[in-house]
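Q: Predicted model, plus sequence, below.
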Amino acid sequence: MLANFITVFRVFLSFIVVGLLIYGSPAAFWSAFFLTVIVIWFDGLDGYVARKFNQASKFGAMLDILCDRIVECIYWITFACLGWLPMIFPLIVVTRGLITDGLRSLAMEQGYTAFGASTMMQSKLGKFIVASNFCRFTYAVTKAFAFAFLILANFPIKQEGYTNRFEFFAYACAYIALVFCVIRGIPVVIESKRFIAPMMAQKMTQKPVEQNIEQQIKE
């Protein structure tokens, strides 16, 4: 489907951005900046195409989350490796992503989704922080600004007395995005207890049965 193709293509473009930033010439940085704008635009375009052509599905939603996670990890890790950000940025983002996505997979097994009408979030506060359009849009915008303007803030221009006017804004957006990342993960952890508890209870009831079977086999 076209929507899923757009989603996956964002990942491909992100790797091209990495190569351009490593190359390091001014032309490469400009290309990386404009490709990043396209990557950001595609993040909203895939959802629009899915709704426009009635291609929305649980698989598409899962693929969108997966590719979003890959793209943001590519950018945060690249920026840290280039020395633009502390290594704590990708460490927090990757850890948070692994935890929340693992918990969301448990919810999906029971028919829930991360967002939308069948979201796994049940409390009003949890729905607002994780699934509301306001919080999702704000988080997406701060990430988008951070990714794009960090490239401009570290543009390879070496001139005496040169001051990069994008630096403060870029790093402010980066830290705000990191805070949003952590805050939006907390409700997922808290509300996932109702998915984990039945699984633990089922495991505890199965254990005595398995022990009885093993005992019968030995006899």
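A: Structure received. Numbering: from 1, shown residues only.
Q: Contacts only, for the residue nearest the centre of the chain.
A: Taking Cα atoms, centre = their mean as the criterion, residue 69 is the residue nearest the geometric centre of the chain, at 3.2 Å. Shown in contact with residue 69 (Cβ atoms under 8 Å, 6 or more residues apart in numbering): 97, 101. All C-beta spots, glycine's among them, are computed from the backbone N, C-alpha and C.
Q: what about dumping the CA coordinates of the helix or strand where it lies to CSV?
A: In the assignment (DSSP states H and E), residue 69 maps to helix 58-81. Output in CSV follows, covering the C-alpha atoms of helix 58-81 (Å, rounded to 0.1, in the frame of the first residue of the first chain):
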residue,chain,number,x,y,z
LYS,A,58,-3.5,-2.2,12.7
PHE,A,59,-0.5,-3.4,10.8
GLY,A,60,-0.1,0.1,9.3
ALA,A,61,-0.3,1.7,12.8
MET,A,62,2.3,-0.7,14.1
LEU,A,63,4.6,-0.1,11.1
ASP,A,64,4.2,3.6,11.6
ILE,A,65,5.3,3.4,15.2
LEU,A,66,8.2,1.1,14.3
CYS,A,67,9.5,3.4,11.5
ASP,A,68,9.0,6.4,13.7
ARG,A,69,11.2,4.8,16.3
ILE,A,70,13.8,3.8,13.8
VAL,A,71,14.0,7.3,12.3
GLU,A,72,14.2,9.1,15.6
CYS,A,73,16.9,6.7,16.9
ILE,A,74,18.9,7.3,13.7
TYR,A,75,18.9,11.0,14.2
TRP,A,76,19.6,11.0,18.0
ILE,A,77,22.4,8.4,17.7
THR,A,78,23.9,10.3,14.7
PHE,A,79,23.8,13.6,16.5
ALA,A,80,25.4,12.1,19.6
CYS,A,81,28.1,10.3,17.6
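Q: I'd like the average pLDDT over it.
A: Here helix 58-81 scores 89 as its mean pLDDT.
Q: Flag every buried residue along it.
A: 60-65, 67-72, 74-80 (16 or more other Cβ atoms under 10 Å).
Q: what mean pLDDT would you report for the following helix or strand past that helix?
A: Following helix 58-81 in sequence order, the next helix or strand is helix 88-109 (DSSP H and E). The average of the pLDDT scores along helix 88-109 is 87.
Q: Stretch 185-196 now?
A: For stretch 185-196, the mean per-residue pLDDT is 82.
Q: Could you work out the end-to-end span of it for me?
A: 16 Å (Cα to Cα, to the nearest Å).
Q: Can you give me the buried ones in that stretch?
A: Buried, per 16+ other Cβ under 10 Å, within stretch 185-196: 185, 187, 188, 191, 192, 195.
Q: Can you verify my assumption that residue 13 contacts residue 39?
A: Yes. Counting by Cβ atoms under 8 Å, residue 13 does reach residue 39; the two are 5.1 Å apart.
Q: So between those two, which is more surrounded?
A: residue 39 (23 against 15; other Cβ atoms under 10 Å).
Q: doesn't the more buried one fall inside a helix?
A: Yes. Residue 39 forms part of a helix when assessed by DSSP: H, G, I helix; E, B strand; the rest coil.
Q: Nothing else from me, thank you.
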